[in-house]
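Asker: What follows is a predicted protein model with its sequence.
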There are 2 protein chains.
Amino acid sequence: MGTASKALSLLNYFTRSQPQIGLSDMARLSGINKATVHRLMGELADHGFVEQVGAGREYRLGPAFLRLAALREKAVPMRELALAELTKLSGLTGETSHMSLLNGEVLSNLTYSYAHKHGTMVMMEDAEVLELHSTGSGLAVLAFSPAPFVDAILSKPLVARTPETVTDPAAIQALLPKIRKRGMAWSIGGYERDVYSHAVPIFDAGSQCIGAMAVAAPVSRITDELRATIQTELALAARRTTRVLGGFPPDTFPTFSPAEPPAESELT
Amino acid sequence: MGTASKALSLLNYFTRSQPQIGLSDMARLSGINKATVHRLMGELADHGFVEQVGAGREYRLGPAFLRLAALREKAVPMRELALAELTKLSGLTGETSHMSLLNGEVLSNLTYSYAHKHGTMVMMEDAEVLELHSTGSGLAVLAFSPAPFVDAILSKPLVARTPETVTDPAAIQALLPKIRKRGMAWSIGGYERDVYSHAVPIFDAGSQCIGAMAVAAPVSRITDELRATIQTELALAARRTTRVLGGFPPDTFPTFSPAEPPAESELT
DNA sequence: AACCAATGGTTTGAATAATGAACCAACAAG
DNA sequence: CTTGTTGGTTCATTATTCAAACCATTGGTT
């Protein structure tokens, strides 16, 4: 791994739950020598990518990202375009919709839209991390990712987020052909209890899967009718999103047929 | 300069007007060897900080910034807090207000708020770059920055954005003590014609100047009354913003006195 | 106080990686 | 067929990273 990669990889240890990291912790987390970490963090700090805060001299992400994110969004208004589709999608389905991007071995949430139609709804957060094996979005991405990548993901220990989470690699592998065939994944309570999630992959200009668009509803609200609405509208919205982002689904990607309600036996 | 710094500095060549840069161009712009640039861009691309696009294989900023910016904003909701103050400020003054952060030798716009009170207003953009010598915000920052930094900025060629821009380093140096004394800078038509801008510096926990908050109004709309309102409210809003961001004005920072309307002779 | 275990930060020669000039191959214009 | 681009690669030279030790400071225990 090159020096620049090392410096950049340090940034990945900052998370929502651990927004500040000290020097020694960072050296431990990254497995990189403390002296090197110190130098790298110093260079990152010089460019505003991290900043040192008060007492413990811990590091946290710096203000440079706000500027660069704005420039990125100006050049490629992914978030804006996705949000436009999500807003429509939430309106049509009455449920929370979101889009997430593949980032290494996890998905990170890009943006989301709530429907304020019901008293309860599935909550999302910006930059929320979604695992590939336990979420509908993750399964959608896995199904349309290269086999070596899938194998790498599934060969690692799979955390059970809920009692319903499927953690058997073989069982997950078995799901993928079905997802590939219908162009849509679903997951019931795999990530959070009582959340029924539908997800469709999103592709870039090279037909590589770069993320997923999804609709998440409380299990209790799901009916055949709502399921049909979600599936129809989500498939359309995701297809439009891929296109509007300049991407193309692979030639093998199916046109989702709404007249194909899932048998109870294939619910997952 | 270390390897990591070189890689990070490459990111600064992407701008609003030049969002895509080829390998050779990047090598020229940065003065770094092409082979090195190639490797560094490859590493940046591996982490999603840049991506290569289609035909010319040019590079542009990658999607990783959206995630990291969201994490940063979650940890330190600068933008959100600033926007809350700006919204109030625009409401009270009826004019466009904005906040920008020092990034190297320029300010980059963090966020802004429009007042929809009049048919015309000063327009802003996210991540817009403001020069230190030609904007009210820039002068406010210069006045509260270390002398070596100010000297470094003013020793470089100063671009005249409009016929009104002051480009004489000595003349600008002469303004700074006055700005320090009153805790507020103003600029008339220095950056864009017909824009009258007031600006107050924002400080961090170490009383370092990190940016500025400003109100920009069309020159034609300025009256003594509006000027007094802007100055009073801006001074208060900026002070609240510094505090709410966890910062402290330096001990020497004056309490702006609204009962001190500028004589016409000190307009700049 | 004395001690211990942390912390952030710095220093050392031996191991490792980055560097830059030259070099390809591909494409375009003349 | 030259000339001048482009993105990308090679390899001896050069600079950086590594590990392990060491400081100075802090906070908690005995």
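Answerer: Good, I have the coordinates.
Asker: Pretty sure A:P201 sits in a helix.
Answerer: No. Counting by DSSP: H, G, I helix; E, B strand; the rest coil, A:P201 falls outside a helix, being strand.
Asker: List the residues that contact the residue in the stretch 151-268 of chain A positioned nearest to chain B.
Answerer: The minimum distance from the stretch 151-268 of chain A to chain B, using C-beta to the nearest C-beta, falls at A:A205 (6.2 Å). Quick note: C-beta positions are derived from backbone N, CA and C, even for glycine. By C-beta atoms under 8 Å, 6 or more residues apart in numbering or on different chains, A:A205 lies in contact with A:246-248, B:53-54.
Asker: cutoff 6 Å now
Answerer: A:246-247 (C-beta atoms under 6 Å, 6 or more residues apart in numbering or on different chains).
Asker: Now do the phi/psi pair for it.
Answerer: phi -60, psi -20 (degrees, to the nearest 10).
Asker: Show me where the stretch 1-150 of chain A has its helices.
Answerer: Per DSSP state H, counting those that start in this stretch, the stretch 1-150 of chain A has helices spanning A:3-11, A:23-30, A:34-46, A:64-75, A:78-93, A:136-143, A:147-154. These are given in chain order.
Asker: Determine which stretch of those helices is the most buried.
Answerer: helix A:136-143 (a mean of 28; mean count of other C-beta atoms under 10 Å in any protein chain shown).
Asker: Give me the distance between the residue of the stretch 151-268 of chain A closest to chain B and A:E128.
Answerer: 26 Å (C-beta to C-beta, to the nearest Å).
Asker: swap in A:H118?
Answerer: 21 Å.
Asker: Pull up the residues of chain A that are close to DNA strand D.
Answerer: A:3, A:6, A:32-36, A:39-40 (C-beta under 7 Å from any atom of the strand).
Asker: And the residue of chain A closest to DNA strand C?
Answerer: Residue of chain A nearest DNA strand C, by C-beta to the nearest atom of the strand: A:G22 (2.1 Å).
Asker: Not counting sequence-adjacent ones, nearest residue to that residue?
Answerer: Excluding the flanking residues, the one nearest A:G22 by C-beta to C-beta, 6 or more residues apart in numbering or on different chains is A:E58, at 4.7 Å.
Asker: thought the one you found was touching A:L23?
Answerer: No. Using C-beta atoms under 6 Å, A:E58 makes no contact with A:L23, being 8.2 Å away.
Asker: Mind checking what secondary structure A:F248 has?
Answerer: coil.
Asker: Can you tell me how far the closest residue to it other than its chain neighbours is from B:H198?
Answerer: Spatial nearest neighbour of A:F248, excluding adjacent residues (C-beta to C-beta, 6+ apart): A:S207 at 5.2 Å. As for A:S207, its distance to B:H198 is 52 Å (criterion: C-beta to C-beta).
Asker: Which one's more surrounded, these two?
Answerer: B:H198 (28 against 15; other C-beta atoms under 10 Å in any protein chain shown).
Asker: partner strands of the host helix or strand of that one, parallel or antiparallel?
Answerer: Under the criterion of DSSP states H and E, B:H198 resides in strand B:195-203. Using DSSP bridges, strand B:195-203 pairs in its sheet with strand B:185-188 (antiparallel), strand B:209-218 (antiparallel).
Asker: Make JSON lines from the ones you listed and add mean neighbour count and mean pLDDT to it.
Answerer: Below are the strands paired with strand B:195-203 laid out as JSON lines (neighbours: other C-beta atoms under 10 Å in any protein chain shown; pLDDT from 0 to 100):
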{"stretch": "strand B:185-188", "mean neighbour count": "24", "mean pLDDT": "95"}
{"stretch": "strand B:209-218", "mean neighbour count": "27", "mean pLDDT": "97"}
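Asker: Which among those is found nearest to B:T111?
Answerer: Proximity to B:T111 (C-beta to C-beta) singles out strand B:209-218 among those, at 10.3 Å.
Asker: contact partners of that closest one?
Answerer: By C-beta under 6 Å, 6+ apart, strand B:209-218 touches B:93, B:95-102, B:120, B:122, B:136-137, B:140-141, B:144-145, B:194-204, B:230, B:234, B:238, B:241.
Asker: so A:A127 touches B:L66, yeah?
Answerer: No. Contact between A:A127 and B:L66 fails when scored by C-beta under 6 Å: they sit 8.0 Å apart.
Asker: In a helix, the residue nearest to A:F248, correct?
Answerer: No. Counting by three-state DSSP, A:S207 falls outside a helix, being coil.
Asker: Around chain B, which positions in chain A sit nearby?
Answerer: Counting by C-beta under 6 Å from any C-beta of the partner chain, chain A comes close to chain B at A:2-5, A:7-8, A:16, A:19, A:40, A:43, A:47, A:60-61, A:63, A:65-72, A:74-75, A:101, A:108, A:126-127.
Asker: for chain A, which residue is closest to the average position?
Answerer: A:L107 (2.8 Å; C-alpha atoms, centre = their mean).
Asker: which residues touch that one?
Answerer: A:100, A:130, A:137-138.
Asker: repeat that with 10 Å
Answerer: Counting by C-beta atoms under 10 Å, 6 or more residues apart in numbering or on different chains, A:L107 touches A:98-101, A:128-132, A:135, A:137-138, A:140-141, A:199, A:211-212, A:214.
Asker: now do A:Q18
Answerer: A:Q18 sits in contact with A:25, A:29, A:60, B:75, where contact means C-beta under 10 Å, 6+ apart.
Asker: I'd like the residues you listed laid out as JSON lines, including distance to DNA strand C and pLDDT.
Answerer: Formatted as JSON lines, the contacts of A:Q18 follow (distance: C-beta to the nearest atom of the strand, whole Å; pLDDT from 0 to 100):
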{"residue": "A:D25", "distance to DNA strand C": "6", "pLDDT": "92"}
{"residue": "A:L29", "distance to DNA strand C": "11", "pLDDT": "92"}
{"residue": "A:R60", "distance to DNA strand C": "12", "pLDDT": "95"}
{"residue": "B:A75", "distance to DNA strand C": "16", "pLDDT": "93"}
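Asker: of all those residues, which two lie farthest apart?
Answerer: Top of the distance list for the contacts of A:Q18 (C-beta to C-beta): A:L29 and B:A75, 16.7 Å.
Asker: any idea how far A:L132 lies from A:C209?
Answerer: Taken as C-beta to C-beta, the span from A:L132 to A:C209 is 11 Å.
Asker: A:V166 now?
Answerer: From A:V166 to A:C209 the distance is 20 Å (C-beta to C-beta).
Asker: how about the nearest residue to A:G211, chain neighbours excluded?
Answerer: Closest to A:G211 by C-beta to C-beta, 6+ apart is A:L101, at 4.0 Å.
Asker: so the one you found bridges to which residues?
Answerer: A:S108, A:G211.
Asker: elements contacting the helix ranked longest in chain A?
Answerer: Among the segments of chain A that qualify as a helix by DSSP state H, the longest is helix A:224-244. Using 3 or more C-beta pairs under 10 Å, 6 or more residues apart in numbering or on different chains; DSSP states H and E as the contact test, the elements touching helix A:224-244 are helix A:78-93, strand A:96-103, strand A:185-188, strand A:195-203, strand A:209-218.
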